[in-house]
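Visitor: What would the 3D arrangement of this be:
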Amino acid sequence: MNISNALTVSRIAMVPVIALALVRDDPILSFFAAAVFSVAMVTDYLDGFFARKLHIESDLGKLLDPLADKFLIVTVLIMLIQLGRVPAWMVAVIVGRELAVTGLRSIAAEKHIVIPADWLGKYKTAFQCVALIPLLVHHPIPLPVLSRLQFQEAGEFFLWVAMFFSIWSGVEYFVGYARAGS
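Guide: Numbering: from 1, shown residues only. Below is the predicted model:
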């Protein structure tokens, strides 16, 4: 297993750690979950960097990398519902988009139609990550300028932006498929 795939597998291994940390609403566990999530995001960047730089891209990596991202994001979103930090309907929209696009890409692949990822999907992922870190922290940090309200509000704002890009990029995938198929 190359370094890129090992980083991806490590990201998958972080998912249950984060989920366990979010079983109950505890400031220390919330901060721990945010820290582990942040490390996972760094491994996401590094696995792609190493794969390109060292020319070690693999079919396994192409399968596992987006899967790891989806496991991570979806698990965190679901765990945040039960903590009352995100509304279930927003998670349903985001997860529904992920399932629809994954299904569409499978159908397209069977027809040898390639729908490449574009900048909208990258923005969607970036804003999801930017939203989830403050939503994970949630609790006040003992510094005058960092309060719970600010973390929650910042996370909610960026989650709205992420949802906007989720919908937009999802529509773009379907439009791309329709154009490629005609």
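
Visitor: what sits up against the helix or strand containing residue 89?
Guide: In this assignment (DSSP states H and E), residue 89 forms part of helix 88-110. Outside helix 88-110, the residues within contact range by CB atoms under 8 Å, 6 or more residues apart in numbering are 70, 73-74, 77-78, 80-81, 114-115, 128, 159, 162-163, 166-167, 169-170, 173-174, 177, 180-181. Heads up, the C-betas are built off the backbone N, CA and C, glycines and all.

Visitor: Would you map the strands across this structure?
Guide: Taking DSSP state E as the criterion, the chain carries no strands.

Visitor: which residues of it fall in helices?
Guide: 3-21, 27-53, 59-82, 88-110, 119-137, 148-181 (DSSP state H).

Visitor: starting at the chain centroid, how far to the fifth one?
Guide: A distance of 7 Å separates the C-alpha centroid of helix 119-137 from that of its chain, computed with CA atoms, centre = their mean, to the nearest Å.

Visitor: Which elements pack onto it?
Guide: helix 27-53, helix 59-82, helix 148-181 (3 or more CB pairs under 8 Å, 6 or more residues apart in numbering; DSSP states H and E).

Visitor: so where is the chain shaky, pLDDT-wise?
Guide: 143-149, 182 (pLDDT under 70).

Visitor: In it, which residue is most central in space?
Guide: residue 73 (3.5 Å; CA atoms, centre = their mean).

Visitor: measure that residue to residue 126 for me?
Guide: 11 Å (CB to CB, to the nearest Å).

Visitor: cool, residue 67 as well?
Guide: Distance from residue 67 to residue 126, by CB to CB: 19 Å.

Visitor: likewise residue 138?
Guide: 20 Å.

Visitor: quick one: which of these two has more around it?
Guide: residue 138 (20 against 15; other CB atoms under 10 Å).

Visitor: That one: what's it in contact with?
Guide: Per CB under 8 Å, 6+ apart, neighbours of residue 138: 30, 83, 85, 148, 151-152, 155.

Visitor: hmm, try it at 7 Å
Guide: 30, 85, 148, 151-152 (CB atoms under 7 Å, 6 or more residues apart in numbering).

Visitor: Mark which of those are buried, thanks.
Guide: When those are checked for burial by 16 or more other CB atoms under 10 Å, the buried set is 30, 85, 151-152.

Visitor: residues in contact with residue 65?
Guide: Per CB under 7 Å, 6+ apart, neighbours of residue 65: 8, 47.

Visitor: hmm, 6 Å instead?
Guide: Counting by CB atoms under 6 Å, 6 or more residues apart in numbering, residue 65 touches residue 8.

Visitor: and it, how far is that from residue 139?
Guide: 31 Å.

Visitor: and the buried ones among the contacts of residue 138 as TSV, adding distance to residue 94?
Guide: Output for the buried ones among the contacts of residue 138, formatted as TSV (distance: CB to CB, whole Å):
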residue	distance to residue 94
30	21
85	14
151	20
152	18
